[in-house]
Every structure is written in C-alpha cells, then in structure tokens.
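1. After the sequence you'll find the predicted model.
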Amino acid sequence: MCQGFQFAGLASGLKKKGQKDLGLIFCEQPAHAAGVFTRNQVKAAPVMLDMQRITAGICQAVIVNSGNANCCTGAKGMRDAVSMGRWAAEGLDIAEKHVLVASTGVIGEPLAADRIEKAVPDLIKALDPAGISNFAEAIMTTDTVPKIVSQKGNLNGVPFTVTGVAKGAGMIRPDMATLLCFIMTDVVAEPSLLKEVLVSATRRTLNRITIDGDTSTNDTALLLANGLSGVTVKGDAAIKAFQDILDAVLLSLGKLLVQDGEGATKLVEVAVRGAESECAARQIADTVAHSNLVKTALFGEDANWGRILGAVGRAGVPVETEQIDVFFGDVRMVQNGLGCGRKAERAATEVLKKPEFTIRIDLKSGNGKASVFTCDFSVDYVRINADYRS
C-alpha cells in the first residue's frame, strides 16, 4: 500500500444488518489534493462541502459513510456533513478545513449523525496502515466485493506508489468518476497538477464505464499526494510516468466496478474503430453500451447483432451501413452490414458464454476509436433495485 496513509472501517449502526458503514482515511501529514465530482445537478451535501474545501488543495483526512447518501436532506444534511468533518478533525487533532466528507446510500433519508459521532473515537483508534480492506468494506453498498488496486512506478530510480479504492455497483454512468473513489500516492505534486492528471485519467478510464446509465448524486473522486517518496512529478517525462500509473489504477478499478455491477454476469468492452473522430467513436460506443436491448441480449447469450446495429444507427453519428463490421471476440458476426450466417452465430454464442469479452464495431470511415466498458442486465438487477430501500 501507500506509505504515510492509515485506514479504518467499522459498523456505526447506519446499516440494518450490522455491516461496516463508516470509514476513515488519514494521512500523517497534510497532503496536496484534487477532486472531481458529479455533474448531476442534484448534489449531496458532502459533495457540495467538498467542492468548497478542495479549492484549497489540501487534505489530511477523509471520512465516509455508507447506508445513507445524505442527499436531498436540506439544511440538516449540510450540518451533518460539516459535523462529520469536525468530529474527525477533533479526534485526529487536525484542521477541520483539511477533512473531506463522502456519503453513499439511500437518497432523501435524514442521516443518523448521532451514530456517526458516537463511533468516530473507535474509528480513529482503529486506524492502521494495513486497514485499507476494512475501509473498502465500510464504503460498500450493493457491492459484493471490495475494490482495491495498487501499483508501483519509478522515476529516476526512485519508486513511488499509487493506491486506489472504490465502491459502486449501481447508479453507474459517471460524468466524472464513479460513485466513490479515493486515490492515495506518495509523490510530490502540486494541487493544480493533481487536478490536471485526475481529470485526464477519469476521462480515459472511469468515464468509460457504465452499469445502468444512471449518474449518481454523490459521485466523488479524490486524489491525495503526501510527498513521502520524495519523487517529484515535474516535467513532461515525470508527468507521463505518473499519469500512466494513475490511468492503470483507475482503469483496473473501473473494470472491477463493472464486473461487480448489480446482478452482472459479464464484463464487456464495446470497442468502436474506424470512426471519423474519437468523439464519434465514443458516442457510438456509449449508445451501444447503454442499450437495454443489447444488455439483456448479453445476459441471454444471444448474438443478436441487429440490436447492436440498431444502437449504432441511433447514436446521432453519420455511418455507412454497408461498411460496418461487428465482431464478438474474434468472431466476425457482421461484414459490410450483413450477417455472416448461422455458423458465425454459433461461434459468437460461445464467445457470449465467457465472463469477459469484447464487442468490436468497425465503421471503416476513419481513424477515430473509443471503448466503453459495460455489463449485462440480469434478473437480479431488477430484483436488487426493486426493493433497494428495504
């Protein structure tokens, strides 16, 4: 894991079944920080608080609760978010303005802040450099497994680490990141640079995933750099090296999120090639990845390429139907806009039985390309979301 950071997670009573629901990240010294947040116009109180505090570019602790989004909760919700930060700051003996707050869970229900206040002292006592698994569990909602990714890089012979932890299994169509994601690193970097690389990384990774097409009210991604490695990210070569590691961590987290999507049985990359531009390719990949008809066909392991071409055609991008090829894995299912027959369909069906594969769409109209990671829609997705609040 990343040096200089400690983590904790425990049950405060917010969740009905006694599961972990309160987490804390603590940095031994104030870290430079940057964040990106949901573009949903309905924003949770912690998001609004963090958007104010992150402008200073400094963070030393992040306190997170699951089980309640603290969204659409009015003035009380903002008071509760501020109080969460204050309780953590007082217990850690750090500046309140250097504490960021995040919440996830049901929208519209008042937060039982008294339970959080009571649990904070034990949460602080539980801080441990090896406690990231407890933290990852504490921020989960309908996730079935915690998501943690850590990678090492090297600049001029000196190693550095980037560690990320995320949660999210539903309400995933990020316009910035995805639900909650926290990235810690030991490099030396200015807040302005951290914001630049974080925005760039999320555009290429976490903004390329979808589970159900819904953008959360609580999306928060934070990047904290404490500088303890002594590695300074400055200059084109160093920035690229750091960016590459950050991208790799966030892409791995993004895939884990989609793989653990509510009721999901398949992780599918929709890769569009040969478009007139990257923007056009992204628009088509996005439309196919979000198609309910495509996603249900994936669950049914039905090589229904007509649904894919239908989605391509309604993406709002000019295409030449007679030039389009579609592949399921390595199996060409469509060539120049026409199906390749029963033999190809049988081979494609075998690809669809795999837990992970790629649908490649070649438009043969240019050099633009883009990928979006999606999953299937299963019966379990409907069941989970039909009674989510209970």
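-> Yep, it's here.

2. Poorly predicted segments of this structure, please.
-> Across the chain, the ranges flagged by pLDDT under 70 are 169-178, 211-216, 261-263, 381-382, 384-390.

3. rerun that using 50 as the cut-off
-> 176-178, 390 (pLDDT under 50).

4. Pop the domain breakdown of it in here.
-> Domain assignment for the chain by automatic domain parsing gives 5-259, 267-386.

5. for the lengthiest helix in the chain, which positions count as buried?
-> Taking DSSP state H as the criterion, the chain has its longest helix at helix 236-259. Neighbour counts over helix 236-259 (16 or more other C-beta atoms under 10 Å) mark 238-239, 241-243, 245-259 as buried. Just so you know, the C-beta spots here come from the backbone N, C-alpha and C atoms, and that holds for glycine as well.

6. Just list what that helix packs against, helices and strands only.
-> Under the contact criterion of 3 or more C-beta pairs under 8 Å, 6 or more residues apart in numbering; DSSP states H and E, helix 236-259 touches strand 147-155, strand 158-167, strand 180-185, helix 191-204, strand 267-275, strand 368-375.

7. Tell me which stretches of this protein form strands.
-> For the chain, applying DSSP state E gives strands covering 5-10, 22-37, 58-68, 99-106, 147-155, 158-167, 180-185, 220-225, 267-275, 325-328, 331-335, 338-339, 356-362, 368-375.

8. Not counting sequence-adjacent ones, nearest residue to C375?
-> Leaving aside its chain neighbours, C375 sits nearest to A264 (3.8 Å; criterion: C-beta to C-beta, 6 or more residues apart in numbering).

9. Enumerate every residue touching the residue lying closest to D247 once chain neighbours are set aside.
-> For D247, ignoring the flanking residues on the chain, the nearest one in space by C-beta to C-beta, 6+ apart is A201 at 5.0 Å. Residues in contact with A201 (C-beta atoms under 8 Å, 6 or more residues apart in numbering) are Q243, L246, D247, L250.

10. From these, pick the one nearest D50.
-> For these, the closest approach to D50 (C-beta to C-beta) belongs to L250, at 18.6 Å.

11. Hmm, the closest one is touching G164, no?
-> Yes. Counting by C-beta atoms under 8 Å, L250 touches G164, with 6.4 Å between them.

12. Compute the inter-axis angle for the longest helix of the chain and helix 191-204.
-> Orientation check (axes from the mean of the first three to the mean of the last three C-alpha atoms, to 10 degrees): helix 236-259 against helix 191-204 gives 40 degrees.

13. hmm, back to that, which of the domains of the chain sits most buried?
-> Stretch with highest mean neighbour count among the domains of the chain: domain 5-259 (a mean of 21; mean count of other C-beta atoms under 10 Å).

14. So for it, first residue to last residue, what's the gap.
-> By C-alpha to C-alpha, to the nearest Å, the extent of domain 5-259 from end to end equals 28 Å.

15. So what sits opposite T232 in the bridge?
-> For T232, the beta-bridge partners are V188 (DSSP bridges).

16. Quick check: it touching F242?
-> No. Contact between T232 and F242 fails when scored by C-beta under 8 Å: they sit 10.0 Å apart.

17. just to revisit the earlier point, number of nearby residues for the residue nearest to C375?
-> 27 (other C-beta atoms under 10 Å).

18. Tell me the spacing between it and D380.
-> Here A264 is placed at a distance of 8 Å from D380 (C-beta to C-beta, to the nearest Å).

19. and if you look at K17?
-> Taking C-beta to C-beta as the measure, K17 falls 19 Å from D380.

20. E345 too?
-> From E345 across to D380, the span is 27 Å (C-beta to C-beta).

21. try A289
-> Separation of A289 from D380 (C-beta to C-beta): 19 Å.

22. list the residues that contact both of L250 and G164?
-> Residues touching both L250 and G164 by C-beta under 8 Å, 6+ apart: C181, I183.
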